[in-house]
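Chemist: Sharing a model that was predicted from the sequence below.
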Amino acid sequence: MATVIPIRPTSAETALRIKTIDEYGEVKRRLALSEPDEARAKVLKEAIESWHKDGAGDVAVTERGALYEIQLSPRRNERTVTDRKKAFNVLKKAVGLEGLIALLDVPFGILDKNIPKSAQHAFVTEERSGYRTLTVVPLHAAVAPELPEAA
């Protein structure tokens with residue numbers, strides 16, 4: 001078993017870490033407060049976009065309220081592969097079978113649905129190399145920022 005050697009940061013590093021942790025915690029707190037606004041903004045955005053779903057895609061549109069103006073850009077161009085078999089064959093010819101296999105990203109959901117885990121060991125590995133989650137735990141109640149006194 002490997003020996004774990006703790007690395008103690010210098011006092012300057014410690015101060016920077018404390019500042020970074022506290023700033024991250026505060027940003028996450030404010031983001032949590034804005035979640036209801038974000039959800040409402042999404043609903044309103046979808047409503048505004050629905051007014052123009054059948055309009056010409058190459059024209060910008062402006063909607064005006066009493067307080068704000070909303071500018072909808074022209075629709076962006078989107079590409080769609082219409083014949084997957086043809087695209088596959090042309091790509092295979094261009095990059096070769098090995099090159100094409102290197103380009104493929106096989107979804108694990110499809111593998112798990114069609115191939116038992118016991119048979120996947122020949123071509124699938126699993127290790128703790130993924131992302132970490134960060135959980136912010138407040139150490140004190142949030143302090144409201146000081147506001148200037150009203151005159």
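Modeler: Noted; the coordinates are in hand. Numbering: from 1, shown residues only.
Chemist: Please, which helix or strand holds Arg40?
Modeler: Arg40 belongs to helix 11-50 when assigned by DSSP states H and E.
Chemist: which other helices and strands contact the helix or strand just after that helix?
Modeler: Per DSSP H and E, the first helix or strand lying C-terminal to helix 11-50 is strand 61-64. Judged by 3 or more Cβ pairs under 8 Å, 6 or more residues apart in numbering; DSSP states H and E, strand 61-64 is in contact with strand 69-72. Yep, even glycine has a C-beta here, placed from its N, CA and C like the rest.
Chemist: CA atoms only: put the strand it packs on into PDB for me.
Modeler: Output of strand 69-72 as PDB, limited to C-alpha atoms (Å, rounded to 0.1, in the frame of the first residue of the first chain):
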ATOM      1  CA  GLU A  69     -36.400  45.700 -25.900                       C
ATOM      2  CA  ILE A  70     -35.600  42.100 -26.800                       C
ATOM      3  CA  GLN A  71     -33.600  41.500 -30.000                       C
ATOM      4  CA  LEU A  72     -33.900  38.100 -31.500                       C
END
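Chemist: buried sites along that strand?
Modeler: Within strand 69-72, no residue is scored as buried using 16 or more other Cβ atoms under 10 Å.
Chemist: which helices and strands does that strand pack with?
Modeler: Packing partners of strand 69-72 (3+ Cβ pairs under 8 Å, 6+ apart): helix 11-50, strand 61-64.
Chemist: what's the next secondary structure element after it?
Modeler: Next in sequence after strand 69-72, counting helices and strands by DSSP H and E, comes helix 84-103.
Chemist: how distant is the next helix or strand after that following helix from the center of its chain?
Modeler: The helix or strand immediately downstream of helix 84-103 is helix 108-114, counting by DSSP H and E. Put simply, helix 108-114 sits 23 Å off its chain's centre (Cα atoms, centre = their mean, to the nearest Å).
Chemist: Over the helix or strand following helix 108-114, what's the mean pLDDT, rounded is fine.
Modeler: Of the helices and strands lying after helix 108-114 in sequence (DSSP H and E), the nearest is helix 117-120. Mean pLDDT, helix 117-120: 93.
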